[in-house]
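Novice: I'd like to go over a predicted model; first the sequence, then the structure.
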Amino acid sequence: MSAAELSSVRPDASAIRTATGAVRRVQRYLASHHDDRDVRLVVDDDPDTLVVPRGALELLARILTHMAAGQAVSVVPTHAELTTQQAADLLNVSRPYLIGLLDDGKIEYRKVGKHRRVRADSLLDYLRKDDQERREVADELTELNREMGLY
């Protein structure tokens, strides 16, 4: 995957305002049209409508939510193979830390010559597992606090 394909969109103040209004409308639509598999969009009073799958509109809602919060957004296909630097950037960790995760078998990768390539879906699996472990530890700490009367 090239650097251009992985580039992110960082919203400016105008884009944040636009995204804030748009995400509300998209979420209202999704909430009131549960059964729609395809969604028809009207663009600038164009008589032709654009039809997109519901999943694309759900993804758009998530993108708009991040943009409204002023966060940069990237879209990465799950099958994409990333360099170790791209993978580290997506995890927001250093490259040496990522290499340690790869060497420990926590994230799947393959070698292309002497270079490692990490599939985006392997990164997502790692993030899901890591989030789950963090939740479990937080739940345990909450329970311990409750038992000790510190809650």
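Specialist: That came through fine.
Novice: use CA for all of it now, contacts and neighbours both
Specialist: OK.
Novice: Where does pLDDT dip in this structure?
Specialist: 1-7, 151 (pLDDT under 70).
Novice: Distance from the longest helix along it to the middle of the chain?
Specialist: Secondary structure of the chain per DSSP state H: the longest helix is helix 120-147. Averaging C-alpha positions (CA atoms, centre = their mean, to the nearest Å) puts helix 120-147 18 Å from its chain's average.
Novice: again, but for stretch 35-49
Specialist: 25 Å.
Novice: Same question for stretch 92-101.
Specialist: With CA atoms, centre = their mean, you get 19 Å for stretch 92-101.
Novice: what's the answer for stretch 30-39, then?
Specialist: For stretch 30-39, the distance to the chain centre is 22 Å (CA atoms, centre = their mean).
Novice: how about the helices in the chain?
Specialist: Using DSSP H, helices in the chain cover 3-6, 13-32, 54-68, 84-91, 95-103, 120-147.
Novice: tell me the phi and psi of the closest residue to Leu123 other than its chain neighbours?
Specialist: Leaving out its chain neighbours, the residue that sits closest to Leu123 by CA to CA, 6 or more residues apart in numbering is Ile107, at 6.5 Å. Main-chain dihedrals, Ile107, degrees, to the nearest 10: phi -130, psi 130.
Novice: Against Thr18, how distant is Ile107?
Specialist: 37 Å (CA to CA, to the nearest Å).
Novice: out of the two, which sits in the more crowded spot?
Specialist: Remark: of Ile107 and Thr18, Ile107 carries more neighbours, 20 against 14, as counted by other CA atoms under 10 Å.
Novice: that older thread, so the longest helix of the chain versus helix 84-91, what angle?
Specialist: Orientation check (axes from the mean of the first three to the mean of the last three CA atoms, to 10 degrees): helix 120-147 against helix 84-91 gives 40 degrees.
Novice: Which elements pack onto helix 120-147?
Specialist: Counting contacts by 3 or more CA pairs under 8 Å, 6 or more residues apart in numbering; DSSP states H and E, helix 120-147 packs against helix 84-91.
Novice: between the helix it packs on and helix 95-103, how big is the angle?
Specialist: 100 degrees.
Novice: Leu64 against Gly21, yeah?
Specialist: No. The pair Leu64 / Gly21 is not scored as a contact, 9.2 Å apart, by CA atoms under 8 Å.
Novice: Pick out whichever of these two has more residues nearby.
Specialist: Neighbours per residue (other CA under 10 Å) separate Leu64 from Gly21, with Leu64 holding more: 24 against 13.
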